[in-house]
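J.: sequence-free structure coming up:
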């Protein structure tokens with residue numbers, strides 16, 4: 001998992017810089033593993049990061065972190081967008097939802113991210129941090145010790 005996140009970070013750093021935001025990625029223990037299609041999961045996480053870069057205020061920070069429990073791996077993307085502009089946070093992952101002023105894109109990225117998480121036995125959820133930002137979490141099953149993991 002740590003090598004996978006390092007690869008995602010490397011490709012995202014340029015986009016963060018282009019948007020005028022910092023990307024923070026705390027260290028990830030090397031023993032964390034999941035069973036996943038690496039390309040699909042990379043697209044899911046990259047999409048969440050691109051959205052965070054798009055909506056986060058200039059000169060602020062987007063954080064990509066991984067947390068675990070005995071059975072789950074949580075990949076979180078936290079931004080500093082100021083929080084949701086209104087409405088139910090759960091509705092934001094529907095297709096063609098675009099709530100911010102920036103309407104570039106098709107409005108299907110979060111729906112794709114949700115499908116990608118669900119395809120791996122997980123889920124995507126979002127928390128609003130009023131007047132601060134949002135945290136998008138990809139919650140996936142942790143790989144068993146004997147299972148080869150691709151991500």
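T.: Arrived safely, thanks for sending. Every value quoted in this text rests on a predicted model; they were computed, and no experiment measured them. Numbers count the residues shown, from 1 in each chain.
J.: strands of this structure, residue ranges please.
T.: In the chain, the segments counted as strands under DSSP state E are 22-24, 61-68, 72-78, 123-129, 133-141.
J.: contacts for the longest one, please.
T.: Read it as strand 133-141. 34-36, 41, 44-45, 48, 51-52, 56, 71-84, 89, 110, 113, 117, 120-129 (Cβ atoms under 8 Å, 6 or more residues apart in numbering). No exception for glycine: its C-beta is placed from N, CA and C like everyone else's.
J.: report the angle between that strand and strand 72-78.
T.: Relative orientation of strand 133-141 versus strand 72-78 (axes from the mean of the first three to the mean of the last three Cα atoms, to 10 degrees): 160 degrees.
J.: can you give me the buried ones in strand 133-141?
T.: Buried residues in strand 133-141, counted by 16 or more other Cβ atoms under 10 Å: 133, 134, 135, 136, 137, 138, 139, 140.
J.: ditto for the second one
T.: Residues of strand 61-68 classed as buried by neighbour count (16+ other Cβ under 10 Å): 61, 62, 63, 64, 65, 66, 68.
J.: make CSV from these and add distance to residue 18 and pLDDT to it.
T.: Below are these laid out as CSV (distance: Cβ to Cβ, whole Å; pLDDT from 0 to 100):
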residue, distance to residue 18, pLDDT
61, 15, 97
62, 13, 98
63, 18, 98
64, 17, 98
65, 22, 97
66, 24, 97
68, 31, 92
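J.: where does pLDDT dip in the protein?
T.: 86-107, 145-151 (pLDDT under 70).
J.: which of the buried residues of strand 61-68 sits closest to residue 21?
T.: Distance to residue 21, by Cβ to Cβ, is smallest for residue 62 among these, at 5.5 Å.
J.: contacts for stretch 39-59?
T.: Outside stretch 39-59, the residues within contact range by Cβ under 8 Å, 6+ apart are 4, 7-8, 11-12, 15-16, 18-21, 23, 34, 62, 64, 75, 77-82, 100, 102, 104-105, 109-110, 112-113, 116-117, 119-120, 124, 133-134, 136, 138, 151.
J.: try stretch 112-124
T.: Residues outside stretch 112-124 that contact it (Cβ under 8 Å, 6+ apart): 34-37, 40-41, 43-44, 47-48, 93, 110, 136-141.
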